[in-house]
Every structure is written in structure tokens, then in C-alpha cells.
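*Asks:* Sequence plus predicted model, see below.
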Amino acid sequence: MSKNPESVSLCPLNSAADPEPEPLCIFGTGDMGRSLGQRLLQSGYRVVFGSRTPHSCGPLPPGTQVMSHSAAAQSATLVFNCVHREHYGFLETLAPQLKGKVLVDVSNNPKRNLYPEANAEHLQRLVPGAHVVKAFNTLSAWTLQNGPADANRQVYLCGNSAEAKQAVAEIATKLGFTVLDRGSLSAAGELEDFPLQLFPEWRLPLRVAVGLTAFFYLYLLTRIVIYAYVQKGDDISFRLMVSLANKVFPIVSLIMLALCYLPGVIAAFLQLYRGTKYRRFPDWLDRWMLCRKQLGLLALAFAFLHVFYTLIIPQRYYVRNKLTANAISLIRENKTSPFESTMAWRNDSYLALGILGFGLFVLLGITSLPSVSNALSWREFNFVQSKLGYLTLFFCTFHTYLYGWNKFLRPSSYPWYTLPGYMLCLIVPTVVLVLKLLLLVPCVDRSLTRIRRGWDRTDKAEDSEKSLLT
Amino acid sequence: MSKNPESVSLCPLNSAADPEPEPLCIFGTGDMGRSLGQRLLQSGYRVVFGSRTPHSCGPLPPGTQVMSHSAAAQSATLVFNCVHREHYGFLETLAPQLKGKVLVDVSNNPKRNLYPEANAEHLQRLVPGAHVVKAFNTLSAWTLQNGPADANRQVYLCGNSAEAKQAVAEIATKLGFTVLDRGSLSAAGELEDFPLQLFPEWRLPLRVAVGLTAFFYLYLLTRIVIYAYVQKGDDISFRLMVSLANKVFPIVSLIMLALCYLPGVIAAFLQLYRGTKYRRFPDWLDRWMLCRKQLGLLALAFAFLHVFYTLIIPQRYYVRNKLTANAISLIRENKTSPFESTMAWRNDSYLALGILGFGLFVLLGITSLPSVSNALSWREFNFVQSKLGYLTLFFCTFHTYLYGWNKFLRPSSYPWYTLPGYMLCLIVPTVVLVLKLLLLVPCVDRSLTRIRRGWDRTDKAEDSEKSLLT
Amino acid sequence: MSKNPESVSLCPLNSAADPEPEPLCIFGTGDMGRSLGQRLLQSGYRVVFGSRTPHSCGPLPPGTQVMSHSAAAQSATLVFNCVHREHYGFLETLAPQLKGKVLVDVSNNPKRNLYPEANAEHLQRLVPGAHVVKAFNTLSAWTLQNGPADANRQVYLCGNSAEAKQAVAEIATKLGFTVLDRGSLSAAGELEDFPLQLFPEWRLPLRVAVGLTAFFYLYLLTRIVIYAYVQKGDDISFRLMVSLANKVFPIVSLIMLALCYLPGVIAAFLQLYRGTKYRRFPDWLDRWMLCRKQLGLLALAFAFLHVFYTLIIPQRYYVRNKLTANAISLIRENKTSPFESTMAWRNDSYLALGILGFGLFVLLGITSLPSVSNALSWREFNFVQSKLGYLTLFFCTFHTYLYGWNKFLRPSSYPWYTLPGYMLCLIVPTVVLVLKLLLLVPCVDRSLTRIRRGWDRTDKAEDSEKSLLT
């Protein structure tokens, strides 16, 4: 791509349109090399492959040439290095041919911290005369073949030479990608870590979920199964699989949904207390705010499990057995099954609220799909995630209150003086809802809106100064 | 398209590659300003912030400078104004520094119709010497930070100077956005309304849904609950929560699904009647056609609720109680529960059709997700939304017919001489299916296809004329 | 960004910024022509329409002109031909005006193989003096109006003139699309087939699904319904609708899920056997690997049906009747319904595993949505589709084993000496899981990893040669 400054003035806008444009060189004929070559070809570039075995390197995109590494390097001013780091050795011998050329390192490592130095920095040391640019490593061969889409549209690059970076940026743009410059070559290590990330933003929420699940499972195991065994000698261990799990899932789901809205409420109160939005939140709050989406989605997963564990109840052997046994005993004792209207009201309301809450929750989940949330305007996204979110929290909390109903009056609800699970799980959501209600009080709401529009209790002095100025 | 090589040589391809390119200036160090600055920086631009308090304006992206407004304005030829409209005052005093420069207004208002004049027009009046361009206001700070995606890829701009717009368009393109020019600055008001939209295309379908739900709820309330109370003195008000809702949901769902296909059928008959596709449809039909997707998705939401309200039935206190009471009474009366094969056939078919219909409906919903529908070819999308759509409608309608079965023969189905809900709800889908069948008759289908390929019954004269011409 | 006005005037970087840029011409005022015109206009181009009836051609985007074909052709150097192939005749007479110009053919046919020659090639023969470029035909009018997104971002083009293609590529890029050059005009036929494709990659998986469903349905029909009728004279044909279907769905779902992971395992063993990853897989394996996603999604669809058919069980007339009859007979025979803890354990585990498997399966489905999978890093995608995928397969297989339990001991499980469906369906998943376990054995895993990192058992000779070289 003719990067020497003087040649730029001589060089027509888009060399790809020339009758015989200068080719781009690719070292390596693996998946990555071939996919990159094909994409470059389709975007109108000429491509030359460099291979250590030019005569037996397998199928290459039709229309490309294969040469030895040194011949290929000589024919181009820009070289893509699609070779694993283990094989970088040969590049040292090509130093003369690569001198002054742009050398794009697209390599990745199979694991983090495998080498003390980033691949691209290692390459620069091997070939000090070349302008090494780290780029394209976050893309898979598959993305290169099928074209950029969504998050895969971004090409990160870094390097010490601005012109070399510019040359690579132009190619990336022509291939349909958006370029993000990450600075000098010292950022290469960071770029090489990107494709090795494994859900970093899910870690904290997952830990919270696992922690809560383990705690409540053991807690309920103790107060239900172990209690029954110790106090009454009943072996109800079969309840571990469904009954107990189906008590833990809704508890964890509701708590995590509440945890998803709690930081926003805390932030609002912090802003009110400080009287400005310009002071940074404490780190823990920032981190918490950043994983709200993940907290919400995990809560949805637990709600999903709760729903299906609940729907399967009538098919459980235990339940069918109990219902039949119940009918039989009613007959034997010559009793009828009395119908209480209040009970029907309560039970139906409890079920209806649960379904409506779950329906809204699924809606929230759908709108957090990247393609859906991208189609929403900011105000629409806000409406769904905030208004509908609080409505969901309200429905699910109320569903749990109706589940509890008057159970708290029965002494049998407190074996070994422990509180039932549903009571523990109601604490956080109730707190969130009460705090949110406080924030909706008109005068509080007004102050908060003013602060969020940039008003600052502390800079009244400066304000008056500014008004003098204008 | 100016491909002539000589002109290119005078003008450096991409100034970002220059050793020391001219910086872009950003007024305002809020969320928007900082995100924009960071993105510009990452795309290779130099960025200078202008602030009223350059020494205490909080954390800015590393690599940027902060100056006073006037110094910052002087250093650049293009200024982004990321300041709320309330604070525009200071810009008047900067008029000399901004003269002849491009001033990009990215502001939004918290509400519609807050000011009589669009922000950008107001700004142009304050600084008449600058070339004001309205742009980037539809993007959130979040989108700027995380890169463009889907619908967020579009940057709308408008302004009176073509060169100024071109300069902004180039920056937007470099940042990875697609530019849509909306004309002169008088379009600014429209652009400022975009981020304030709240589901405009969902309004009509939502109103239809609410209207139908309210009507059928009250209708069924009258003929079931109130009738039972007045005529037999039974208080079955507990049915409000689940039983009644679960009658209303499928009714509304089926009607809305049918309403989703009705306009297409009407349009086809209109085209057949007119003999041309070149005459515009009446406005009401156009509006109706444009909200078909929303009608369908709302119908799916109601179907979802119907499914879960139905699946929860065996767990209702009322149902369990009734089943037990039923078994007990059978025993007491020394009867057996007779098994009818026809009943089993009918009931199983009814349930199976419902599930298959819901399955297809969910499939339709999934293909209407932006990322899925974008991956389909036009013919594939058409196949799913039309062929599978009608199959869904057929399954759901037939499911309802099987629900009705021979209930229409029982006098008890007509309390107070009113029709049952399921009968009312069958009218629209039946009409749609019958009309669609008519359109599938080969000769009708052939005419319609011809019309849709551009044939025009009214321009036979011109046709012959044209054939003379060629 | 070199904004100083003088430099801009010297360099027509982008002709759209010129005071009066040369217009683009569009032949045809149909949906496609109008949408294209509107988009071009919004991207800053001037647009002139050519129409055979310039005075009565319906509503056009405001800001455009309409002329006769020849006048329009004369005013521009680039002409979009948005006319159906049937009407190409008039273009022959315009040959003089079109000479040396770029003629972009955007046409599509309603069916494949309608004409012996591609539209664009036909056009080139009609107007030999023009540079015909095939482009934009894969986009719908809708996409042009609403802007590019995801898969719709790609514009394929082909043509014999590199300059003409370059000119079209620039326009497409400016409109926000990514350009893929498919070579000379002889590729036009292929491009014209793209929009007519109907789920080509779904064909094979769909055939497998239909074949398996038909086979197992008939098999179970024979050994359950026909057997009962022939041997015992029972008519249980009502089971066709739900019971039988709900046996077939999970069987097909599990087999297809296993078929989705089998080719990967086969490929791994093939690589181990060959000692290299550089030899191509046999064609059947390649084809199989390419439709794994579709196999998995169809398996999910069957799992979905299985889940809902199962959840509806308690509401079936047959089931309710049987439960009541069972309770009555217990009473009559004065027996109690005995509760077995093992049975409860087995039944609950069976249900729980099924739900967890389905939950994971849904998660896999969600991550295969284009917008979600695009947001994942390669390692994340791999983790979900491989690790979670095998976990899903394991859960579902184990769920089926628990379903079988000790049924295989009962002679009644083998009517007419046939094996029950669940046994047949366990073969493939068990094989896959066992083979996968073998691959996880450390020493096997190490060899495979080495091969996949490019190590080659056959090129040790060359390796040593290479090390001499370096």
C-alpha cells in the first residue's frame, strides 16, 4: 500500500483500481492466512502467499500466487504474518527483505501469559527494520470469510509507526471493518489477550449466583430435609432433586433481580447526598453497575428453571401419589374436600402474578439481545430496562409475598428457630422497592433530575462567575 | 467519483496520517463529550477539549488536551458542541473565534416541544458566522464508546453548508458510522425528536390490544361471573385472575394474529380490483400494513401468556379441589369414570394443534429478531413470514374450532343470549383464511402475480406504443 | 481533517461535496429504483430518474428529477438499471447514449433458470459499448431504505471493467455497504441466484429430521398402537396425536443433537490417524460439519415440542380419566397407594435432568443467534458451543437413561421382539460421549492439540531441513 510519504503524492486514491496494483503478501497458508487472503482478494487486492513449502501447501483461494517467503516478501511492501509464534524463527533471516516494510502481526497465543513478551513485540525485536503493526488478531478466520458483523466489525490495531498503522487501517476499512487505534506497540499484549477472554464481565455475577445458590441450598437442606430426619425420622431426601431446587431457584432469581436494581438506587442517593453528578462513584459501585445486565440475565436463567420446575410438578411421582393418597383418605374418613373462595383467590393471584412477572422478565431478556437493544432509541431502552424492570421486580416480589401469605403465623414455619427461605429472599427486593418509591417522591425526583442535567450544588460560586462572564 | 490521478496528488489522502494533524475541538466534558473524544482519539484524530473550568473538569480520555473554550476553538476548524442547550449562552461571546468554522451540534432535549426552535437553529442564530451542522445526536455516549452496531450505525446530519456537512460525514464514516443526509438545518428539529421517540410504531397495535382485551374481559365477566351471581347466586369471582384472563388472552392473540394478515389480503384484492400496483393504497391501509410486525409480536405475547396460564392449570387450588371432589363423588355414587375414545381424540388433537401453532408462532417471533431477519434472503424472509405465518394462523384457528367442537349445540353456551367468546374470536381469522384461499385459486393467483411484476391493465395503449418505439 | 476551504476546492475528494456534482441516473421508477434513489440522495448524491413516462410515473423521492430515458442517460456517466428483464428491449436503442458509461444491473428474476443467460450478461450483449456491472441485486428495496445491517451489509459485484467496478464500489461504500468483488461478469448468474436461495444449508438437516421422524413414528405406531390392536384388540389410536408424537420428538431431538457433535469427533480421530491437519476431510464430512448449527437448531425445535407436549400431559382427558379411575379402583380394592422413595428419587432426577438439559439447550440456541454469537470472542463461542454443548448432550442422554431405568428387564418392553424407541435413540449419543471421553484422555488430547497447532507427523524431514535453514 505504498507507505513512503513521497510515493503517496504519486499514488492514485485507491491502488486496487489500478490495472496492476502492488500485491499484499501473506506469510502462512493456514486457516487464518487463507481466509484473510480470500477476503483481500474479494475486496479487490492482489494477494501473494509466502510459504516454506510453496509447492505443497494445500488449497489456496483461486487467483492468488504462492512463492517462497523471501520472494513473496520482496514483491510487496505490506506483509501479513499469519504464522504461529513458535515458527517466527525464519523471519529473522528475512530481515533484509522486510526492511522498511509494514509487517502486520495477526497471531494469537493458545493461552495467556505463555511468553513474557507480546508476539508483536517479539516480532519487532526479530525484525527491527520493519514497521510492525498488531492488527486483525481479534477476528476469527470465520469472521474474515463471512464478513464483519456487529461486535466483530471492530479491528483493533497498535504500532509505533503512524504511517504503517494508517496503511493497515485503510485495508481494514476497505474490508468493511471499523478501526480502533490502541496506540503504540506496547499495547500489543493487551490486544493479544482480547481473544483469550472468557466472559470477564460474567465472573462477578456468576460468583454471586453460585454463592447464593450454595448458601440457600444448604440452608434449606438443613431446615427441611435434615430437620425432618433428625426430629421425625422421615427420610425425604428425594426432595433434593426437585422440591429443594425449586425453592432455591426463585429465591436466587429474585435476589439477583433486586441486586440488579440496587446499585442504581444507591447511585441516585449518593448523587443526591453529594449534590453533584461530577464526582466519581466508589469503585465497588462502578463495578457493580457494569455487571447489572449479567446479573439480570442470570436472574432470568434462574427464573426460567423455576418456571419449568414448577410446571413439571403435577407429573412428579411424589405429587401424583400424594394427591391420590389424599383423595383416598378423604373418602375413608368420609370427609369432603371443602372449597374456600379466599384460598382460590390467593392461589390464582399468586400464579397469575408469577406468570406476568416471568413474561415481563422474558421481555426484558429479549430487549437485552444486542440486535434488539441496538434498534431501540435511548429513551426506549431506558423505558424498557427501567420502568418495565421495576414492574417486573414488583410483580415478582408481590408473587413471593402472596406465596408467603399467612405462613409466617404458623409455628411450623420456624423449625430450629430458622426463618423460611422466602422471608430471607424478600429483604433485598423490598428494600429496593421502598428506596425507589422514595426517589419517586416529586421533590426528590426534581432535585435528582436537576443534578443529572449537570446542576451542581457545589459550583454556585462558579455559576455566578460564569454568568458575569457571559 | 473523481478518479483523475493528478488532483489526488495535491491533497493528502487522509490527514490523520499526517505527522501533526489539525485537532478537533469538543466543547463540554460531560458523558457525551468524553465518549466522543475517546472514539475520535481511537480513530486516529487529535482531540482538544474546551471547558469553562479547564483545570477541574474531571477525568478525560488520556492523550487529549483541555483548554479554555476560546483557546480550544482557535486551535481547530471543526468544533463539536456537547453542551446542554441551557448553557449555550457562552457561545455568543465566542462568535469571532468560531467564524467560518464548522460547529457540530450534538445536543438533545429532555422532552419534546420544550423550545419553539430546534437547538441547532438556535445555535446558528447565536453564532451566525459558523457553519452549524446537526449530527450525532441520535447516538448515545454508550454507542460512541462501544462502537456502532445495527440500527445505531446510522448518523443523521443536516446543515446549510454542503462542505461543512461533508467534513462531518467524513469523520462519521471514519468512526465507522453510515451517514444519512437529511438536508438543510431546518430538519434539525426532526433529528432532535428521534431520540425522544417512544415506540411510535407500537402505539396503534398497543391500542388495539388494550381495546380488545378490555372489551373481551368485560364481556366474559358479564356472561360468566355476573351471570352466575345473578342467576344462580354463585360467587365465582376468584375466576377473574386466571380462568377469565386465560379466556381473554387466546381470543385477543388469535384476533391480532389475523389482523396481522388481513391487510395483506385486502391489499391483494384492491390490486386485483384496480388492475395495477401503481396506485397508492388508502392511508389507513398503509398505516395498518406498517404495523403488522408489531401486531404479530403483541399476538405472540398474548399467546405466551395463554400457554403459561394453561400449563399452570393443574396446580390451581380450584382445579385440584375439583378433581378430588369429582373422584369422591364418583365413588360415593358408585359410578366409574367412563372413557370415550372420541373425547380423547378431540382433546389430544386440540392440545397438539395448540402446541404446534405456538411452536410455529415462536419461530415467527425468532425470525423477526433484527439479527435473524437480516441474515435471511428476501425469499427466505417472505417464505417464513407468509407461508409459515398462514400455517400458524391455520393451526391456531383450527385449535379454537376444536376447542369449540360441539359446544355450540348446548343451550348453556348462550347465557343471556350472548355468544361465547371463542365464537366471536373466530370471525376474523376465518374471514382471512377464506379470502387467502380465494387468492390461491390458480387464475386469481396468476393475475395478481402479473400485476405485482408491473403489468398494468390500464396502460395497454402505452404498451403497444412502446413496442412500436423499440 | 484539512478543513481550510482553499484545499477543499482544489481536491474533489468526494464529488458529493461539489457545488453541482454529476448526477447518477436510475432507469425505472419501481420500488427498487425509488428506494435506491432515496438512499443515494440521503448519502449526498444527485439523482436523475429515466422513465418511459416521465410525466406520470408516480411519487418519487423529493429532490430528484425525472426525464426520458435518453435525456437521463446523457446527463450521467453511471446508470443504475432498475427495470425487469422483460423490458430490457428499450436499452438497445439507447446504446449511443450509454457508450463508455457504467451500467449497473440490479435486476433479479422471479425464479431460477428462467433464462439461459444471466440478466447482466444479456444486458452487456444488448449494449456492448457500456461497462456493465452486476451489483446491489442481493439487497431488497427495504434494506436500501432502512440502511444496511448485519448480513445485509454486503454488496456483491462483478463485471469486466475494473474501473467501472471501482466506481460502483465507492458508491456502495458511501451508502454504508461492504463490497465483495466476485470477479468478471460471468459470475453474474451466481449473484442472481443469491436472492432466490431458500435455506440451502437447511436442506440436509431438514431431510434428516423428516426421515428420522417418519421412521420412528411408523416404528412406534407398529409396536404400540397396531400391536395393541392386533394382540389385545384395544383401539388406542387416539394416542397418535400426543403420546406417540411425544415419544418421537425426544428421540429425534436427542439423535440430532448427537449427530451435531459426531462429525467433530470423527474429524478429530481422522486427524489423529492421519497425523496432520493439512489433509482435507472427505466431502461428506465437510458437508456434515457445515450443517451442524442447523442440526442443533432443529434438535432444539424438537426438544421444545417435547417439553410442551410433556407439560400438557396432566391436562389430557385420557390422563385425568386414568388418574381418577386409578384412585377409584384403589378404593374399591381397599388398597393404599404405596410410596417408594427410590421411585421418587428416580422420577425427580429424571425430570430435573430433562429441565436442566433443556435449559442448557435453550442457552445454546440463544448464543447461536447472529447478534449474540457476534458479540462473543472466539474462545467464548467455542466454550459455549463445545463445553456447554457436550454438557447438554450428557444431561439429555442421562435423562433418557433414567427414563429407561429398569424397563429393559421387563418382557413387556419387547412386543414382537422389537426394541423400545428410547433404546434405539441412545445408540448415537452414547457412541459420541464415549468417543469424546477417549479424546479427553490426556495423551490423546496432547497429540490432537499439537496437530491442530500445525504440527505434522509426515513432515519431520522438512522440519529438520527448515531448522538447518534458519
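*Replies:* Right, received. Where do you want to start?
*Asks:* Domain-wise, how is chain A divided?
*Replies:* Taking automatic domain parsing as the domain assignment, the ranges for chain A are A:5-196, A:203-469.
*Asks:* helix, strand or coil for A:Met67?
*Replies:* Look at A:Met67: counting by DSSP: H, G, I helix; E, B strand; the rest coil, its state is strand.
*Asks:* Quick one: mean pLDDT for the helix or strand containing A:Val104?
*Replies:* Assigned by DSSP states H and E, A:Val104 falls within strand A:102-105. Model confidence over strand A:102-105, given as mean pLDDT, is 94.
*Asks:* That one pairs with which strands, parallel or anti?
*Replies:* Strand A:102-105 sits in its sheet next to strand A:78-81 (parallel), strand A:131-135 (parallel), going by DSSP bridges.
*Asks:* Let me know which of these is tucked in deepest.
*Replies:* Using mean count of other CB atoms under 10 Å in any protein chain shown, the stretch among these with the largest mean neighbour count is strand A:131-135, at a mean of 28. Bear in mind the C-beta positions are built from the backbone N, C-alpha and C, glycine included.
*Asks:* Only the buried residues of the very next helix or strand once past that strand, if you could.
*Replies:* Using DSSP H and E, the next helix or strand after strand A:131-135 towards the C-terminus is helix A:141-146. By neighbour count, with 16 or more other CB atoms under 10 Å in any protein chain shown as the criterion, the buried positions of helix A:141-146 are A:141, A:143-144.
*Asks:* now the strands paired with strand A:102-105 in JSON lines, with mean pLDDT?
*Replies:* Putting these into JSON lines (pLDDT from 0 to 100) gives the following:
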{"stretch": "strand A:78-81", "mean pLDDT": "94"}
{"stretch": "strand A:131-135", "mean pLDDT": "95"}
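*Asks:* would a markdown table of these with distance to C:Arg39 be doable?
*Replies:* Rendered in a markdown table, the data for the strands paired with strand A:102-105 read as follows (distance: least, CB to CB, whole Å):
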| stretch | distance to C:Arg39 |
| --- | --- |
| strand A:78-81 | 33 |
| strand A:131-135 | 31 |
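*Asks:* any idea how far A:Gln385 lies from B:Ala141?
*Replies:* In this structure, A:Gln385 and B:Ala141 are separated by 16 Å, where distance is defined by CB to CB, to the nearest Å.
*Asks:* same thing with A:Cys425?
*Replies:* Using CB to CB, A:Cys425 is found at 35 Å from B:Ala141.
*Asks:* With A:Pro59 instead?
*Replies:* A:Pro59 sits 47 Å away from B:Ala141 when distances are taken as CB to CB.
*Asks:* next one: A:Cys82
*Replies:* A:Cys82 sits at a distance of 37 Å from B:Ala141 (criterion: CB to CB).
*Asks:* Name the stretch among the domains of chain A that sits most buried.
*Replies:* Comparing these by mean neighbour count (mean count of other CB under 10 Å), domain A:5-196 ranks first with a mean of 20.
*Asks:* List the contacts of the residue minimising distance to the centre of chain A.
*Replies:* Nearest to the mean C-alpha position of chain A, by CA atoms, centre = their mean, lies A:Glu201 at 5.7 Å. Applying CB atoms under 8 Å, 6 or more residues apart in numbering or on different chains, we find A:Glu201 in contact with A:290-291, A:294.
*Asks:* what's the answer for A:Pro263, then?
*Replies:* With CB under 8 Å, 6+ apart as the criterion, the residues that contact A:Pro263 are A:285, A:288-289, A:292.
*Asks:* That one: helix or strand, and which one exactly?
*Replies:* For A:Pro263, the host element (DSSP H and E) is helix A:243-274.
*Asks:* For the stretch 1-150 of chain A, which residues score under the pLDDT cut-off?
*Replies:* Within the stretch 1-150 of chain A, the ranges that satisfy pLDDT under 70 run A:1-21, A:146-150.
*Asks:* That one: helices as residue ranges?
*Replies:* With DSSP state H, counting those that start in this stretch, the ranges of helices along the stretch 1-150 of chain A come out as A:5-10, A:31-42, A:69-75, A:89-93, A:95-98, A:119-126, A:141-146.
*Asks:* so what does the fifth one touch, helix or strand wise?
*Replies:* The criterion is 3 or more CB pairs under 8 Å, 6 or more residues apart in numbering or on different chains; DSSP states H and E, and the helices and strands that helix A:95-98 contacts are helix A:69-75.
*Asks:* switch to 10 Å and redo it
*Replies:* If contacts are counted by 3 or more CB pairs under 10 Å, 6 or more residues apart in numbering or on different chains; DSSP states H and E, helix A:95-98 sits against strand A:24-27, helix A:69-75, strand A:78-81, helix A:89-93.
*Asks:* May I have the third one exported as CSV, CA atoms only?
*Replies:* I take that to be strand A:78-81. Provided in CSV are the C-alpha atoms of strand A:78-81 (Å, rounded to 0.1, in the frame of the first residue of the first chain):
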residue,chain,number,x,y,z
LEU,A,78,3.0,-4.9,3.3
VAL,A,79,3.2,-8.3,4.7
PHE,A,80,0.7,-10.1,6.9
ASN,A,81,2.3,-12.6,9.2
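*Asks:* Tell me how far it lies from the chain's centre.
*Replies:* Relative to the chain's own centre, strand A:78-81 is displaced by 32 Å; criterion: CA atoms, centre = their mean, to the nearest Å.
*Asks:* check contacts around A:Ala268.
*Replies:* A:Ala268 sits next to A:435-436, A:438-439, A:444-445, A:448, A:451-452 when contact means CB atoms under 10 Å, 6 or more residues apart in numbering or on different chains.
*Asks:* Could you dump those residues into a markdown table and include pLDDT?
*Replies:* Converted to a markdown table, the contacts of A:Ala268 look like this (pLDDT from 0 to 100):
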| residue | pLDDT |
| --- | --- |
| A:Leu435 | 97 |
| A:Lys436 | 96 |
| A:Leu438 | 96 |
| A:Leu439 | 95 |
| A:Val444 | 93 |
| A:Asp445 | 92 |
| A:Leu448 | 91 |
| A:Ile451 | 86 |
| A:Arg452 | 81 |
